[in-house]
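Chemist: Structure here, sequence nowhere to be found:
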């Protein structure tokens with residue numbers, strides 16, 4: 001019974017260790033992903049380090065980099081906490097195994113001493129022959145056999161427990177080394193973060209000296225961006241209007257056919273009544289009323305468009321990113337830098353120079369345009385639209401069908417850093433892309 005309890009405890013500890021290892025693996029992957037984003041932003045900042053003129057892209061990249069570094073330190077703290085739990089569990093396991101090993105050795109020693117005292121074959125035979133009857137003699141023989149087997153089992157248990165103990169000591173030593181390495185990494189990251197905060201302060205100081213010029217630059221660029229966004233919304237509204245006209249024309253054609261069919265039926269009924277010399281029946285005229293619909297429903301009027309819209313919406317939170325690597329440096333909604341206020345209709349993603357841009361879902365290219373010296377692509381997904389701005393080249397054309405993750409162009413530099421402006425619309429209403437793309 002004691003052995004079963006010990007084995008159950010050992011199994012529980014091993015299961016906890018596996019779960020903890022999985023958690024450690026997830027934390028390691030998260031830390032590596034954050035580090036890749038930091039390195040990408042660092043490369044972009046390094047290219048612009050000698051620029052005398054400060055840009056919004058530089059400030060956003062530096063702020064995002066600092067935020068990511070703080071996140072990385074948080075992940076390292078979680079790794080250390082996780083290791084502390086493992087060290088605590090493994091220490092307890094080592095203590096329990098040592099206790100079990102000591103008891104097993106003590107019991108085994110008692111058996112050996114007993115066996116030494118009764119090792120004479122003559123004593124064993126006397127023990128058997130001293131039985132009162134044959135049945136008791138048989139039981140004494142079986143007892144001697146079982147005693148010998150039990151000694152072998154106990155020796156096996158001792159060897160197994162010693163092996164488990166040695167393994168756990170090795171794991172515990174590895175945990176302690178990993179913790180030491182993580183603590184060193186944590187200190188190193190804090191030191192780098194401090195240097196980056198110093199750089200951030202220098203940038204903000206530079207910004208304060210150039211504030212008026214900087215605000216004028218932001219205002220000018222965001223004015224151009226707002227004009228482009230209005231142009232894109234206008235294109236979407238035209239698309240909705242075109243679908244509305246198509247739907248209403250289809251409804252009118254259907255109504256005309258229904259009216260003609262009703263008229264033919266009425267004429268046939270009247271001719272039959274005249275031939276039978278009886279009054280013609282009164283058949284009400286078919287009235288076809290075209291009911292107005294919400295603007296978005298026109299975009300999903302056909303079964304194919306409705307299916308595409310539903311599929312797009314069902315993938316909310318799991319759409320692929322429009323680039324394979326990058327960081328969101330400017331979020332959706334209203335922003336303020338100094339006295340400059342502006343609205344972002346999507347998210348700004350800094351990525352590698354010339355990075356491939358991908359369609360996030362199946363759809364049809366509605367428009368390919370040119371603005372601010374760069375291209376943009378508008379793709380229709382039923383009643384949804386996705387917009388990809390700041391492209392230096394485009395590999396699709398209007399009317400072309402595209403599939404999920406298909407390359408549609410490459411990223412250009414907005415100001416001095418490579419960044420993609422990505423937007424999602426439901427009808428003509430802008431959505432927050434961060435809640436649609438995968439985390």
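Modeler: Structure received. Please read all numbers here as calculations on a predicted model, not as lab measurements.

Chemist: Just the strands from this structure, written as ranges.
Modeler: 327-330, 333-337, 340-344, 347-350, 356-358, 363-371, 374-381, 384-394, 401-402, 407-411, 413-414, 417-426, 429-431 (DSSP state E).

Chemist: If I follow the layout properly, residue 386 ends up in contact with residue 365?
Modeler: No: using Cβ atoms under 8 Å, residue 386 is not in contact with residue 365, being 10.4 Å away. In this view, the C-beta of every residue, glycine as well, is placed from N, C-alpha and C.

Chemist: overlap in contacts of these two?
Modeler: In terms of Cβ atoms under 8 Å, 6 or more residues apart in numbering, residue 386 and residue 365 are both contacted by the residues 378, 379.

Chemist: neighbour count winner among the two?
Modeler: residue 386 (26 against 19; other Cβ atoms under 10 Å).

Chemist: From residue 226, how far out is that one?
Modeler: 19 Å (Cβ to Cβ, to the nearest Å).

Chemist: and if you look at residue 387?
Modeler: Distance from residue 387 to residue 226, by Cβ to Cβ: 14 Å.

Chemist: which of these two has more neighbours?
Modeler: residue 387 (27 against 13).

Chemist: residues touching that one, list them.
Modeler: 232, 346, 376, 377, 378, 379, 421, 422, 423, 424, 425.

Chemist: May I see those organised as CSV, with distance to residue 323, pLDDT and neighbour count added?
Modeler: Output for those, formatted as CSV (distance: Cβ to Cβ, whole Å; pLDDT from 0 to 100; neighbours: other Cβ atoms under 10 Å):
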residue, distance to residue 323, pLDDT, neighbour count
232, 19, 87, 25
346, 13, 92, 27
376, 15, 92, 23
377, 13, 95, 24
378, 18, 95, 23
379, 15, 95, 25
421, 12, 92, 23
422, 9, 96, 26
423, 14, 95, 23
424, 15, 95, 27
425, 19, 94, 22
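
Chemist: of the residues you listed, closest to residue 86?
Modeler: residue 422 (40.6 Å; Cβ to Cβ).

Chemist: ok, that closest one touching residue 432?
Modeler: No: counting by Cβ under 8 Å, residue 422 does not reach residue 432; the two are 11.0 Å apart.

Chemist: which residues are common contacts for these two?
Modeler: With Cβ under 8 Å, 6+ apart, residue 422 and residue 432 have common neighbours residue 347.

Chemist: The stretch 151-300 of the chain: helices as residue ranges?
Modeler: Here the stretch 151-300 of the chain has its helices, by DSSP state H, counting those that start in this stretch, at 211-275, 295-298.

Chemist: Low-confidence ranges, the stretch 201-350 of the chain, go.
Modeler: For the stretch 201-350 of the chain, the stretches flagged by pLDDT under 70 are 202-218, 251, 273, 280-298, 300-301, 337-340.

Chemist: circling back to that earlier point, would you mind telling me which of the helices of the stretch 151-300 of the chain is nearest residue 91?
Modeler: Judging these by Cβ to Cβ, what sits closest to residue 91 is helix 211-275, at 56.6 Å.

Chemist: so what does the closest one touch, helix or strand wise?
Modeler: Applying 3 or more Cβ pairs under 8 Å, 6 or more residues apart in numbering; DSSP states H and E, we find helix 211-275 packed against helix 56-117, helix 295-298, strand 333-337, strand 340-344, strand 363-371, strand 374-381, strand 384-394, strand 417-426.

Chemist: and those, which one is worst for confidence?
Modeler: Sorting the helices and strands packed on helix 211-275 by mean pLDDT places helix 295-298 lowest, at a mean of 59.

Chemist: Quick check: the residue lying closest to residue 388 once chain neighbours are set aside vs residue 429, distance?
Modeler: Of all residues not flanking residue 388 in the chain, residue 377 sits nearest, at 4.7 Å (Cβ to Cβ, 6 or more residues apart in numbering). Using Cβ to Cβ, residue 377 is found at 20 Å from residue 429.

Chemist: Give the full set of residues in contact with the residue nearest to residue 388.
Modeler: 357, 365, 367, 368, 387, 388, 391, 394, 396, 408, 409.

Chemist: Which one (most neighbours) among these?
Modeler: residue 357 (29 neighbours).

Chemist: Was I right to think that residue contacts residue 388?
Modeler: Yes: the pair residue 357 / residue 388 is scored as a contact, 5.4 Å apart, by Cβ under 8 Å.

Chemist: what residues do these two have in common as contacts?
Modeler: Joint contacts of residue 357 and residue 388 (Cβ under 8 Å, 6+ apart) are 322, 377, 408, 409, 420.

Chemist: Going by distance to residue 313, which of the residues you listed wins?
Modeler: Scanning the shared contacts of residue 357 and residue 388 for proximity to residue 313, where the rule is Cβ to Cβ, the winner is residue 322, at 18.0 Å.

Chemist: Number of residues surrounding the closest one?
Modeler: 26.

Chemist: quick one: it from residue 347, how far?
Modeler: For residue 322 relative to residue 347 (Cβ to Cβ), the value is 10 Å.

Chemist: overlap in contacts of these two?
Modeler: residue 422.

Chemist: got the domain boundaries for the chain?
Modeler: Structural domains annotated on the chain: 2-209, 327-435, as defined by automatic domain parsing.

Chemist: Start and end of the shortest one, how far apart?
Modeler: According to Cα to Cα, to the nearest Å, domain 327-435 extends 15 Å from its N-terminal end residue to its C-terminal end residue.
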